[in-house]
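K.L.:
Starting from these lines, generate the structure:
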Amino acid sequence: MKFVIIFGPQAVGKMTVGHQLEKVTELKLFHNHVTIEMLAPLFGFNHEMWRLVNKFRQDIFEAAADSDMYGMIFTYVWGFDLHEDWDYVDKICKTIEDKDGEVYFVELEADLEKRIERNKTPHRLEHKPTKRNVTRSEQDLLQTMEQHRLNSFEGEIKRENYIRINNSNLSACEVAEIIKNRFAL
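P.N.:
Presented below is the predicted three-dimensional model:
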């Protein structure tokens, strides 16, 4: 199985790129808000919600790794200053690689102005109801950026199957083609 993890800060375009990559490959998109949007209305953004989000995701990763599916795309906001986020990504990779799957890292970065603009797009708001209060969502975007490092330092990610793309001036279709070609998906 091929497992593509697309990561970067909020509103950088992870899900949108994932949708486009799904269209041009046999990969299936499992963006990070699938589980969040299911559980937030029930529990709010509390410890129990995040516990269940992580449990459901892990169960899905394990089932996918055991399946005969071609591959999956997962999106994630990775706090590079948070040890637990590194551990979480390592756990996902181990789940896939222990079943002889291949993991591909795609890091997206974009200018803050572009991310604020993308935070309000109809596509994002359609798929992420918890982002529909765009004022609150933008405040969260800015606050998270101040509190955490959401893009890696150069050379920090040591994996062979890694690409970093500044998609400030690229369409999601262009980025998906770059990813598809780079990793022969």
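
K.L.:
Distance of residue 181 relative to residue 174?
P.N.:
11 Å (Cβ to Cβ, to the nearest Å). Just so you know, the C-beta spots here come from the backbone N, C-alpha and C atoms, and that holds for glycine as well.

K.L.:
can you tell me the helix or strand for the residue nearest in space to the middle of the chain?
P.N.:
Nearest residue to the geometric centre of the chain (Cα atoms, centre = their mean): residue 75, 1.5 Å. If you go by DSSP states H and E, residue 75 is part of strand 71-76.

K.L.:
In this structure residue 104 contacts residue 161, no?
P.N.:
Yes - counting by Cβ atoms under 8 Å, residue 104 touches residue 161, with 4.4 Å between them.

K.L.:
what residues are shared contacts of those two?
P.N.:
Common contacts of residue 104 and residue 161 (Cβ atoms under 8 Å, 6 or more residues apart in numbering): residue 183.

K.L.:
From the neighbour counts alone, determine which of these two ranks first.
P.N.:
Taking other Cβ atoms under 10 Å, residue 104 and residue 161 do not tie; residue 104 has more neighbours (21 against 14).

K.L.:
mind checking how far residue 139 is from residue 81?
P.N.:
20 Å.

K.L.:
Okay, strands next: where are they in this protein?
P.N.:
Assigned by DSSP state E, the strands in the chain fall at 2-7, 28-30, 71-76, 102-109, 162-166.

K.L.:
can you put these in CSV and add distance to residue 117?
P.N.:
Converted to CSV, those look like this (distance: least, Cβ to Cβ, whole Å):
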stretch, distance to residue 117
strand 2-7, 19
strand 28-30, 22
strand 71-76, 19
strand 102-109, 15
strand 162-166, 15
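
K.L.:
quick one on the thing from earlier: more neighbours: which of residue 181 and residue 174?
P.N.:
residue 174 (14 against 10).

K.L.:
Which pLDDT value belongs to the more buried one?
P.N.:
The model reports residue 174 with a pLDDT of 98.
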